[in-house]
Every structure is written in C-alpha cells, then in structure tokens.
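**Q** got a sequence here, can you build the structure:
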Amino acid sequence: MAFLNWLGAQPPGIATFLGALTGSSLGLLAIIVGALFNAHLNRRRDDRIRDHDARAVATALYAELTGIDRALRRGSEALRGAPRDGERFLVRTPLVIQIFPKLIDKLGLLHAETIREVSHTYLVAERYKQDLLLLPRGRHHAAEETPYGVLLPLDLSASVIELNEMTMVTTSKTLQILKPYL
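**A** All right, here's what the predicted structure looks like:
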C-alpha cells in the first residue's frame with residue numbers, strides 16, 4: 001500500500017517508466033523460461049535418438065555375432081559326427097564380417113566395456129581363419145586354404161573343435177553384454 005501511495009505521488013513519467021520496466025522484465029523472464037524449456041525438450045529428444053541409435057547398433061552387432069556363434073556350433077557338431085573314413089576334412093570359414101566395419105563410427109554410442117568386448121570378439125573372429133591355418137601339422141598334410149574354407153588333416157578335428165569352443169566362449173560373453181541394449 002505504501003508503494004502505491006508513493007507511486008501516486010510521483011510525476012506521470014515515473015509511472016510510465018516503471019510500467020515499461022515491469023513489462024519488459026516479465027517479457028524477458030518469459031523468453032528465458034521458454035528457451036530453457038525448449039532446451040530441456042531438445043535434450044530429451046536427443047537422448048531418445050541416441051538411445052535408439054545405440055539399440056540399433058547393438059541389435060545389428062548382436063545379429064552378426066549370433067550368426068558367427070551358430071556357424072561355429074554347427075561346425076563343431078559336424079566335426080563330432082563326421083565319418084572318420086577320409087584323410088582330410090573341410091572347415092568352412094563362415095565368419096563373414098560385414099556389419100561391424102560399417103558401424104565403427106557409431107560404436108561410441110555404447111559403453112566403454114561393451115566397445116572393448118565387441119572389438120575383442122571381432123578380432124578373434126577375424127583371426128579364426130589364420131588360427132586354423134596355424135594349427136600344428138597333422139600326420140598327413142598341413143592345412144590348405146581353399147575358396148570355401150580350410151582343408152585340414154583328419155587328426156586335427158579335435159583341435160578345430162577346441163578352437164571353435166574358445167571362439168564361442170568369446171562370442172557368448174559379448175552376446176550377454178549386448179543383451180541389455182536390445
């Protein structure tokens with residue numbers, strides 16, 4: 001009440017000035033609140049997009065690693081049930097890696113531990129064919145690379161199964177790490 005009495009006693013220019021100051025201050029405050037709210041909405045949208053992209057990257061990697069894991073399992077099962085009448089057997093090298101190289105620039109969307117495990121698993125998968133070629137020599141012949149895989153002596157089937165099992169351990173661990181993203 002004292003403020004209104006004081007304001008009434010002032011010349012008319014002061015009242016106009018105070019009215020303009022009050023209106024400008026409220027307008028500025030509204031603009032600031034609106035900008036902050038808009039920034040909040042943009043951050044939420046960006047977070048949703050980032051989460052969606054991370055889920056897409058993890059899903060693609062999960063699918064490729066699942067295919068690699070299945071191929072290794074099938075190979076081991078085929079070797080266990082293979083007839084022992086020949087001298088050599090063919091190990092198909094089905095570890096075709098197509099998705100990972102295309103997603104390298106998006107790996108930063110995943111957690112550091114996930115990136116480390118995924119990268120390690122792909123290194124192991126890429127090294128699989130070289131590991132087959134480096135197996136100790138069999139009784140009859142050394143490993144021979146063909147367009148379809150690696151031709152190995154029959155007495156190395158246990159070593160191939162062991163290599164498959166070690167590679168599957170790595171892929172299974174990475175698949176478990178990728179599951180929470182899906």
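
**Q** find the centremost residue of the chain, please.
**A** A58 (3.9 Å; C-alpha atoms, centre = their mean).

**Q** for it, list the residues it contacts.
**A** Applying C-beta atoms under 8 Å, 6 or more residues apart in numbering, we find A58 in contact with L110, T114, L178, Y181, L182. C-beta here means a position set from N, CA and C on the backbone, and glycine is covered the same way.

**Q** could you dump those into JSON lines and include distance to R45?
**A** Converted to JSON lines, the contacts of A58 look like this (distance: C-beta to C-beta, whole Å):
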{"residue": "L110", "distance to R45": "20"}
{"residue": "T114", "distance to R45": "24"}
{"residue": "L178", "distance to R45": "25"}
{"residue": "Y181", "distance to R45": "20"}
{"residue": "L182", "distance to R45": "22"}
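
**Q** so which of those residues is the closest to Y62?
**A** Of all the contacts of A58, Y62 sits closest to L178, with 4.7 Å by C-beta to C-beta.

**Q** now that closest one: which helix or strand?
**A** In this assignment (DSSP states H and E), L178 forms part of helix 157-178.

**Q** where's L152, which helix or strand?
**A** Per DSSP H and E, L152 falls inside strand 149-153.

**Q** output the contacting helices and strands for that strand.
**A** Judged by 3 or more C-beta pairs under 8 Å, 6 or more residues apart in numbering; DSSP states H and E, strand 149-153 is in contact with strand 88-92, helix 112-133, strand 144-146.
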